[in-house]
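S.K.: task: produce atomic coordinates for the following.
(chains A and B)
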2 protein chains.
Amino acid sequence: MAAVESASTFTPAPEADKTADGTPPAAYGPTSRTVTSRDRDRASYDRELVHSLLDQSYVCHLGFVRDGAPVVLPTLYARVGERLYVHGSTGSRPLRMAAANPSAAGNDGATATDGAGTTPDAADPGAASSEDAADAGQSRPGLAVCLTVTHLDGVVLARSAFHHSINYRSVVVHGVAHQVTDPHERTVALDALVNHVVPGRAADCRPGNAKELAATAVLRLDLKEVSAKWRDGGPNDEPEDLGLPHWAGVLPVAPRYGTPIPSDDLDPAIPLPDYLAER
Amino acid sequence: MAAVESASTFTPAPEADKTADGTPPAAYGPTSRTVTSRDRDRASYDRELVHSLLDQSYVCHLGFVRDGAPVVLPTLYARVGERLYVHGSTGSRPLRMAAANPSAAGNDGATATDGAGTTPDAADPGAASSEDAADAGQSRPGLAVCLTVTHLDGVVLARSAFHHSINYRSVVVHGVAHQVTDPHERTVALDALVNHVVPGRAADCRPGNAKELAATAVLRLDLKEVSAKWRDGGPNDEPEDLGLPHWAGVLPVAPRYGTPIPSDDLDPAIPLPDYLAER
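M.R.: Numbering: from 1, shown residues only, chains lettered A, B, ... in the order given. Got it, this is the predicted structure:
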């Protein structure tokens, strides 16, 4: 976890670890947490696939352990090379709880609020998990997390109830998130979080000032223990069910962007930016 | 947790706990895990609101603890009164792992696969968490989970990077999930899981046979420790930023269903059912 240990000394995000011949490996190495013993044909560790699935969304569900129990909260994320970033308010209740909780001492964390930027909910520092403990030798214990991104693509209707399913694409990232303290890396991360949601927007708004930056925590999760999983295609009915009189097929579903709604107090002379007109 | 302890003896799902005058309370009781000290104006424990947000989606992100670390997986869910159900394959690797893991002995669990029904991924029994341990007095230890449902409604663009945000509606449910063993309740739950995704479909497909039902695990999570959170409206810019030349407003987003795609082997004489034509 050298990259994590060096979090306080910014280095450009690596596109990928290099192999002996200097080329990045095409896939993440499976681990006991990411390898699947079933549906192997629907699981992948391919780096390009993982990057593509991560880059096609911006809301993840971040899981962590607090007082021994799981907590799952939606939050925004952005990918920069082999690093994922999430952010939030340093003034949030969860962070205060962690500071007051010896078992969570040293945990990094972030919670997401409107005031903290483009994040819908809280990434919440929890009591140190066993992974935190295992990480104790690091510059910071960090927060053991599972970051999951899911694309819903369709509802699969089979002749049998049993074979009904969902077409989806998901990425699950396991690891320990660490707070980013380096000012340069924080700027890179915060710009990425804005541009990941609306490409080009970071250059077309007022950057955070000292007060706003001081109120914002940034967490980094390196892409090391990663897997993708998906289901596509039509229903897989049993041969003996093919003659049943029930409609079978797929109901596609995908997010759709509507017409941008200008703020009530927007100067009418300010046109809709191209990066929104193109959505 | 009486309702949980009686899981093996089916009783109709209560619409809600009753108050002294026989009417259900209008809200869930806040707990240390669901009360928020910030953004109180964006949090609610209102029962009708929670039910509405849960009923408007069918994919949740289920978090649990395995070997002390968090795991977050997408899975389908359905609400029946004050109970949520998820399901999955009893033959999954995670269940086998739990069975082989003394610290997880007795955990109920489910993993979701195509073969197990309409679930995109796995709800995975974990090593017993502290909440499981605290629950040891119950008929079954169960699995401590956090079930989160998130609706993404829009991207909020403010004049300042700091005030960029997301319009969303989310529900977070904390509790201990227990395996449902009662045949009647399992049938109610499995029908609900199909109908929650496609209303009316459970009556228009072949019900699960003995082999399929034996391969499917059902978990129940009672709605006790629940909160809703949301953000809506336009950007909240600082007064001094209102004159900046940046477009500000909301880019709406919502899931959109496409035209149903019939299975290649569907009898052309079978028409598209009304419950799909209306989507």
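S.K.: low-scoring stretches of chain A, by residue?
M.R.: Within chain A, the ranges that satisfy pLDDT under 70 run A:1-20, A:22-23, A:37-38, A:91-140.
S.K.: can you give me the strands in it?
M.R.: A:43-44, A:59-66, A:69-76, A:78-80, A:83-89, A:143-157, A:165-179, A:216-222, A:225-231, A:249-257, A:261-262 (DSSP state E).
S.K.: make a markdown table from the ones you listed and add distance to A:Ala27 and mean neighbour count to it.
M.R.: For glycine as for every other residue, the C-beta is placed from the backbone atoms N, C-alpha and C. Below are the strands of chain A laid out as a markdown table (distance: least, Cβ to Cβ, whole Å; neighbours: other Cβ atoms under 10 Å in any protein chain shown):
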| stretch | distance to A:Ala27 | mean neighbour count |
| --- | --- | --- |
| strand A:43-44 | 8 | 18 |
| strand A:59-66 | 21 | 28 |
| strand A:69-76 | 26 | 27 |
| strand A:78-80 | 17 | 21 |
| strand A:83-89 | 18 | 26 |
| strand A:143-157 | 18 | 26 |
| strand A:165-179 | 13 | 25 |
| strand A:216-222 | 16 | 26 |
| strand A:225-231 | 9 | 23 |
| strand A:249-257 | 27 | 17 |
| strand A:261-262 | 42 | 16 |
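S.K.: any chance of those in JSON lines, with distance to B:Arg231 too?
M.R.: Output for these, formatted as JSON lines (distance: least, Cβ to Cβ, whole Å):
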{"stretch": "strand A:43-44", "distance to B:Arg231": "34"}
{"stretch": "strand A:59-66", "distance to B:Arg231": "12"}
{"stretch": "strand A:69-76", "distance to B:Arg231": "11"}
{"stretch": "strand A:78-80", "distance to B:Arg231": "19"}
{"stretch": "strand A:83-89", "distance to B:Arg231": "14"}
{"stretch": "strand A:143-157", "distance to B:Arg231": "20"}
{"stretch": "strand A:165-179", "distance to B:Arg231": "23"}
{"stretch": "strand A:216-222", "distance to B:Arg231": "17"}
{"stretch": "strand A:225-231", "distance to B:Arg231": "29"}
{"stretch": "strand A:249-257", "distance to B:Arg231": "17"}
{"stretch": "strand A:261-262", "distance to B:Arg231": "15"}
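S.K.: dump the ones you listed to TSV, plus distance to chain B.
M.R.: TSV is the format used below for the strands of chain A (distance: least, Cβ to the nearest Cβ, whole Å):
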stretch	distance to chain B
strand A:43-44	10
strand A:59-66	4
strand A:69-76	4
strand A:78-80	12
strand A:83-89	8
strand A:143-157	4
strand A:165-179	4
strand A:216-222	7
strand A:225-231	6
strand A:249-257	4
strand A:261-262	4
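S.K.: can you check which helix is longest in chain A?
M.R.: helix A:183-197 (DSSP state H).
S.K.: which of the residues in that one are buried?
M.R.: A:185-197 (16 or more other Cβ atoms under 10 Å in any protein chain shown).
S.K.: that helix and chain B in contact?
M.R.: Yes: under the criterion of Cβ under 8 Å from any Cβ of the partner chain, chain B is reached by helix A:183-197 at A:190-191, A:194, A:197.
S.K.: closest one to B:Ser52 among the strands of chain A?
M.R.: strand A:69-76 (17.7 Å; Cβ to Cβ).
S.K.: direction included, what does the closest one pair up with?
M.R.: Partners of strand A:69-76 in the sheet, by DSSP bridges, are strand A:59-66 (antiparallel).
S.K.: quick check: A:Tyr77 vs chain B, distance?
M.R.: 12 Å (Cβ to the nearest Cβ, to the nearest Å).
S.K.: check contacts around the residue nearest to that residue when sequence neighbours are not counted.
M.R.: Once flanking residues are discounted, A:Tyr77 sits nearest to A:Cys60: 4.7 Å by Cβ to Cβ, 6 or more residues apart in numbering or on different chains. Going by Cβ atoms under 8 Å, 6 or more residues apart in numbering or on different chains, A:Cys60 touches A:74-77, A:86, A:147-149.
S.K.: possible to save these as TSV with distance to A:Glu238?
M.R.: Converted to TSV, those look like this (distance: Cβ to Cβ, whole Å):
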residue	distance to A:Glu238
A:Pro74	37
A:Thr75	41
A:Leu76	42
A:Tyr77	40
A:Val86	43
A:Leu147	37
A:Thr148	31
A:Val149	32
